[in-house]
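*Asks:* Fold the following, please.
(chains A, B, C and D)
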2 protein chains.
Amino acid sequence: MATRKNSRIPRVGLGEVAKAAGVSARTVTNVVNGFEYVADGTRAKVQRAIEELGYRPNLAAKRLRTGRSEVITLAVPLVEAPYFAEVAREIFQAAARHSYTVLIEQTDSLAQRERHLFTGATSQFIDGLILSPVGLTEEELRELHPELPLVLLGERITGHIADHVAIDNVAAARVATNHLVEIGRRRIAAIGCHPLSHSGAALRYRGYQAALKEAGIAVRPELVTGKPGEDLTRQGGATSMAQLLANDPLPDAVLCYNDLMALGAIRMILTHGLKVPDDIAVVGMDDIEDGQFSVPSLTTIAPDKAQIASIAVDLLVSRISGDRTKPPQEIEAGFRLVVRESSSGR
Amino acid sequence: MATRKNSRIPRVGLGEVAKAAGVSARTVTNVVNGFEYVADGTRAKVQRAIEELGYRPNLAAKRLRTGRSEVITLAVPLVEAPYFAEVAREIFQAAARHSYTVLIEQTDSLAQRERHLFTGATSQFIDGLILSPVGLTEEELRELHPELPLVLLGERITGHIADHVAIDNVAAARVATNHLVEIGRRRIAAIGCHPLSHSGAALRYRGYQAALKEAGIAVRPELVTGKPGEDLTRQGGATSMAQLLANDPLPDAVLCYNDLMALGAIRMILTHGLKVPDDIAVVGMDDIEDGQFSVPSLTTIAPDKAQIASIAVDLLVSRISGDRTKPPQEIEAGFRLVVRESSSGR
DNA sequence: TTGTATGCGTTATCAT
DNA sequence: ATGATAACGCATACAA
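*Replies:* The predicted structure follows:
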C-alpha cells in the first residue's frame, strides 16, 4: 500500500519507466548510468520512455544506496574576492569533467563556519570538500578530516593533514621580486608579505627576502608592511601604501601580497601625484581579471588556476572513489610572471 | 549480506543505537525527533547511546522516506551586493527558527543559472527555493515553478506566479522624493529609476513621478538617467551622476535606485568640488551598512529586511508543509525613511 | 544482455 | 509508551 500521506509531487521512478518501456528496472538503470552492455534497440526504447515520462533519478535514493551524491563543496573565505571567484569557475569546469556538481560556500574566514562544513546538514549531501582554510587550526582540521574526503587549497602551511595543492609561494615571490631587481629597482618595498602575518604572507616574505639577498640588497624593515589580521584588499593595499609613501627616500618598487592590494597601492601612488611604473613599479600576485584592465595594467604572478582546480578536483575524486587511507599528497601547481604596464620599461 | 563494497566510512545507524540502548528503532526516532510520548528514563538511555556512538541521522535516508531535507536555497543575483548579503543574514535566522538550513546560490542575473536552480542536482536536496529573479521570463518561471515550492523576492512585477514578497516600490520612491521636496529641493534628478529599465526601476520611477506631480513640479527628462542594463553599482551611480552634472542649472537633489548607486553619486559630486547635501542632496534605497558610515552618511529608504526575510521563509515553509495549490500570495513588507546627513538640513 | 531479489537508513502504519 | 514491519527509489550480486 502506497503511503501518499505527504502531498508531494508524484515523481516517476525507475519502475514506471521500466513498465512503459517493457523492460525491467535493472535495464533502465543500465541505460541511465551508461552501462555498455545494453542492446541498442532496448536502449532506444528506454530512452524514449525516460523522455516521455520526464524521468529524473532520485538523488536521495541514489545516495542512500551508493553513498554517493556526485556533489562536492568548494568553500572559500570570500566568494567576492576575484581570485576565488576565478578559481571557483575553474573548479566548476574541472568538476563537470567528472560529472560532479559543485556547491559554493563562504566561510568568512571563520573557524565556526569552516567547522560547520564538516558537521552541518549539507555535509551529508556531499561526497567531498575543497577548502581554502583560514580559521581552523591544524589540530581541528586533522580531527574533523576523517569525516569527509578533503582537499586543501592555497598557501597555508599544512602538516600533511590532507591532500593539498598550492603554488610554491616562496619561489613565486622570489621571481616577482627578482623581476623588480632586473628592471633596475633597488628600494623594493613589500605590502602584505610579512614574516609575522599569516602563513601565506610569511612564505612570500621569504621569497622576497631571498631575492633581495641574491641581488645583494639589504632588507629594510621600514619598507615591509603587513601585520597579522591586515585585510588583504584594495583598502588594505591603499593604507599600507600610504604608510610606505611616508618614507623619505621613497621606495621605487612594491611587491604586493595579491593583486587586490596592488590595485589599492597603485591608486594611492597616483593619488599622491606619482607615476606607475616611472616613480614606483608595482607587482601583484593572483592575476585577477581586474589587473588586465586597470590603468596601468598590473604586472603579476599568475598561478595556473586551471591546473590548481583540476588537480584539486582530481585529488578529491580519487579520494572519494579510491583509497582514503593513503598518505596525504602535497602538490605544487605552476605559475608564471606576467609583465604588464605597472612594471614595464615604458 | 551487507554490501560493504564501497570503502565508505561506516556510520552508526538507528539500529545500532537502538541495540545499545536496549530499545527499538522506533523509540530512537521518537527521541531524535523530539516526539513527546517517550518515558524520561528511556529518553535518557537513548540519548546516552546516541552520544556514545556519535550517531547522526542520515539525511539521504530521511529525505528518501519523508521527501524532506529541511534544507532550502536562497538564490540572489550577486552575493557580494551588500543588500543581498544583509537579506541573506536575515533569511538564515528566519530559517533557523524553523530549523531549516539555507544554501546560498548566486545566479549572476543569468537565466541559465536561475533555470538550473530548478533542474540541477541541488534542486533534489532542497525542499524549497527563495529566489530574487532577474533573468528568467515570467513564462519560464511559471513553467518551472511546479517543480519546487518557490518564493519570489524583490521588486520584479510578477503575474502571480508564486508567493512574492517586496516593499511597495512606488510608495517608497514617492516617500523618498517627497522628502527631497520637503527640504526645499526643486530640481530633483533620478538615477537608475527609469520607466524603460527593469521593472523595479520602472516602479520607482512611478513613485518619483507621482511625488513631483503632487508638488507641482514637472519631470525634466534630462534629469532622469538609467537605461536598461545599466549596472546598479557604485560605478553606475558615479557614471550617471557625471552625466547629470553636465546640466546647466545643476540638480539640487538626486534620488538613486539604491544605496550603492547613491554612494557612487556622492563620490562623483564631491569629486566635482560640490557639497552634499548643501549643493546636492542625495537619497538612496536599501539602507545598507555602508551608508551609515559613509561621509556624509546616507539618507535612504530602509526596507524591513528582517520582516522580508521572515515573511519569505514563513511563506516557503507553509508551502512546503502545506497547501501547494492555493493561489500565490503577494505580500508587502514595510519600509521607512531614514534621514541622515546626505539630505539633512545642516 | 537482461531479470530477480535484496538492502541502504529512515519514518509511518499497525498493533500492543 | 513502545515494538515489529513495510516502504521510500535506487543499484548491485547473482542468476539466467
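*Asks:* how would you label the residue lying closest to A:Ile331 once chain neighbours are set aside: helix, strand or coil?
*Replies:* For A:Ile331, ignoring the flanking residues on the chain, the nearest one in space by Cβ to Cβ, 6 or more residues apart in numbering or on different chains is A:Val165 at 4.7 Å. Just so you know, the C-beta spots here come from the backbone N, C-alpha and C atoms, and that holds for glycine as well. Secondary structure assignment for A:Val165 (DSSP: H, G, I helix; E, B strand; the rest coil): strand.
*Asks:* separation between A:Val165 and A:Glu138?
*Replies:* As for A:Val165, its distance to A:Glu138 is 17 Å (criterion: Cβ to Cβ, to the nearest Å).
*Asks:* out of those two, which sits in the more crowded spot?
*Replies:* Taking other Cβ atoms under 10 Å in any protein chain shown, A:Val165 and A:Glu138 do not tie; A:Val165 has more neighbours (24 against 14).
*Asks:* need the contact list for the more buried one.
*Replies:* By Cβ atoms under 8 Å, 6 or more residues apart in numbering or on different chains, the contact set of A:Val165 is A:Val151, A:Leu152, A:Leu153, A:Ile308, A:Ile311, A:Ala312, A:Leu315, A:Ile331, A:Glu332, A:Ala333.
*Asks:* which residue does the stretch 101-250 of chain A bring closest to DNA strand D?
*Replies:* Closest to DNA strand D within the stretch 101-250 of chain A is A:Asp127: 13.4 Å, counting by Cβ to the nearest atom of the strand.
*Asks:* Could you count how many residues lie near A:Leu223?
*Replies:* Close neighbours of A:Leu223, defined as other Cβ under 10 Å, add up to 19.
*Asks:* mind listing the strands for the stretch 201-346 of chain A?
*Replies:* For the stretch 201-346 of chain A, the strands defined by DSSP state E, counting those that start in this stretch occupy A:224-225, A:253-256, A:281-285, A:299-303, A:330-333, A:335-338.
*Asks:* closest to DNA strand D out of those strands?
*Replies:* For DNA strand D, the closest of the strands of the stretch 201-346 of chain A is strand A:330-333, at 28.9 Å, according to Cβ to the nearest atom of the strand.
*Asks:* So which residues on the stretch 1-150 of chain A come close to DNA strand D?
*Replies:* Within the stretch 1-150 of chain A, the positions near DNA strand D by Cβ under 7 Å from any atom of the strand are A:1-3, A:11, A:13-15, A:25-26, A:29, A:32-33, A:55, A:57-58, A:61-62, A:64-66.
*Asks:* of these, buried ones?
*Replies:* A:Gly13, A:Leu14, A:Thr29, A:Val32, A:Tyr55, A:Pro57, A:Asn58, A:Ala61, A:Lys62, A:Leu64 (16 or more other Cβ atoms under 10 Å in any protein chain shown).
*Asks:* how near is A:Ala21 to B:Gln329?
*Replies:* Plainly put, A:Ala21 is 41 Å away from B:Gln329 if you go by Cβ to Cβ.
*Asks:* sorry, back to before: how much space between the residue of the stretch 101-250 of chain A closest to DNA strand D and chain B?
*Replies:* Going from A:Asp127 to chain B by Cβ to the nearest Cβ, to the nearest Å gives 10 Å.
*Asks:* Those residues of the stretch 1-150 of chain A touching chain B, which are they?
*Replies:* A:6-9, A:56, A:58-61, A:63-64, A:66-71, A:79-80, A:101, A:103-106, A:120-122, A:124-125, A:146-147 (Cβ under 8 Å from any Cβ of the partner chain).
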